[in-house]
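Q: no sequence for this one, just the structure:
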């Protein structure tokens, strides 16, 4: 499947040109934002780790081997891209143990930048945001048009699509999910099961968002919408009063779309009709997600971009710096600007 089938239309207009992203790992840098004061003592060792072209799960295995503990004793807040330079926290549960020698885990692809004790382990989703520093090279776009588009994005945000990397090469994860859904089965391997369930759910959400982008309503509240704040999992139903809430214009409050699972959508009106239409069209996938035990959840349709700044180190290089909520994709920000091409 191509990108348009997996995501949907751009909200800002046609691509302004082309660019290369990730010509090197340093071109895509991610820093986990963790607002947790660490105690300095306790049976959990928290590590601030820099990884270069190394995925989170492999880093956890290397830390476990070096510490001489099972990998289940290693925790992290979230998964980070492999093809990138990333910095994130890990915690090691070391009850009754001293400081392990972790130097065997380190090489050019992994460095431990900080080690601090704490009384609790690091929980999944504990980080508050991710900071991105992206360098787009080989630009073929007018600087004035880029400036105008970036200011528009800064003011209005972008559609909060799940990025194409969620679906694997050529949508392979989604194809895998359809195979299992059509046979009413789940893979035995936990990591494979999680990956294909996530791909299916993300695709269905993108279908809802794509329709809202086509309608021009992805960044507007309408009666019957389910509204949520940027960093909150709670929501409330929009009536006429809520649709005029000033926090919508301030990009603090947003309409949401369904993350399909068991349970009834709280939406009504046109929003519910859209979600039901996607369910009808993709009933096999939707029912499979519910049978797998996933609960109906919500995800904001609009992605606000915090602290967006940019400059040009060279005429054909654009440096972007910004912060996104957890679970959101930097590549969908870039997608509103350029078509990405391969280096060379």
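A: Yes, it's here. All values derive from a computational prediction rather than experimental measurement.
Q: Not counting sequence-adjacent ones, nearest residue to residue 281?
A: Leaving aside its chain neighbours, residue 281 sits nearest to residue 207 (8.0 Å; criterion: CB to CB, 6 or more residues apart in numbering). Any C-beta I mention is one placed from the backbone N, CA and C, and that applies to glycine too.
Q: burial count for the one you found?
A: Neighbourhood size, residue 207 [other CB atoms under 10 Å]: 21.
Q: looking at it, it is touching residue 278, isn't it?
A: Yes - counting by CB atoms under 8 Å, a contact exists between residue 207 and residue 278, whose distance comes to 5.1 Å.
Q: per-domain residue ranges of this protein.
A: The domain map for the chain lists 36-127, 158-303, with the assignment taken from automatic domain parsing.
Q: Ends of the first one, what's the gap?
A: Meaning domain 36-127. Using CA to CA, to the nearest Å, the end-to-end distance of domain 36-127 comes to 8 Å.
Q: how about the nearest residue to residue 146, chain neighbours excluded?
A: In space, and not counting its chain neighbours, residue 146 is closest to residue 16: 6.0 Å by CB to CB, 6+ apart.
Q: what kind of secondary structure is that neighbour in?
A: Local secondary structure at residue 16 is given as coil here, using DSSP: H, G, I helix; E, B strand; the rest coil.
Q: Identify the residues contacting it.
A: If you count contacts by CB atoms under 8 Å, 6 or more residues apart in numbering, residue 16 has them with 141, 142, 145, 146, 149, 337, 338.
Q: shaky segments in this protein?
A: Applying pLDDT under 70 to the chain picks out residues 4, 344.
Q: Tell me which residue of it is furthest from the middle?
A: No residue in the chain has its C-alpha farther from the mean C-alpha position than residue 96, which lies at 36.3 Å (CA atoms, centre = their mean).
Q: What's the local residue count around the closest residue to it other than its chain neighbours?
A: For residue 96, ignoring the flanking residues on the chain, the nearest one in space by CB to CB, 6+ apart is residue 43 at 7.2 Å. Burial of residue 43, expressed as a neighbour count using other CB under 10 Å, amounts to 15.
Q: and the domains of the chain as CSV, adding distance to residue 5?
A: CSV is the format used below for the domains of the chain (distance: least, CB to CB, whole Å):
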stretch, distance to residue 5
domain 36-127, 22
domain 158-303, 7
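Q: Out of those, which gets nearest to residue 135?
A: Proximity to residue 135, assessed across the domains of the chain by CB to CB, is greatest for domain 36-127 (10.6 Å).
Q: Can you classify the residue farthest from the centre of the chain by secondary structure?
A: Put simply, residue 96 is coil when judged by three-state DSSP.
Q: same question, the one 4 residues further on
A: Secondary structure assignment for residue 100 (three-state DSSP): coil.
Q: and what of residue 139?
A: For residue 139, the secondary-structure state derived from three-state DSSP is coil.
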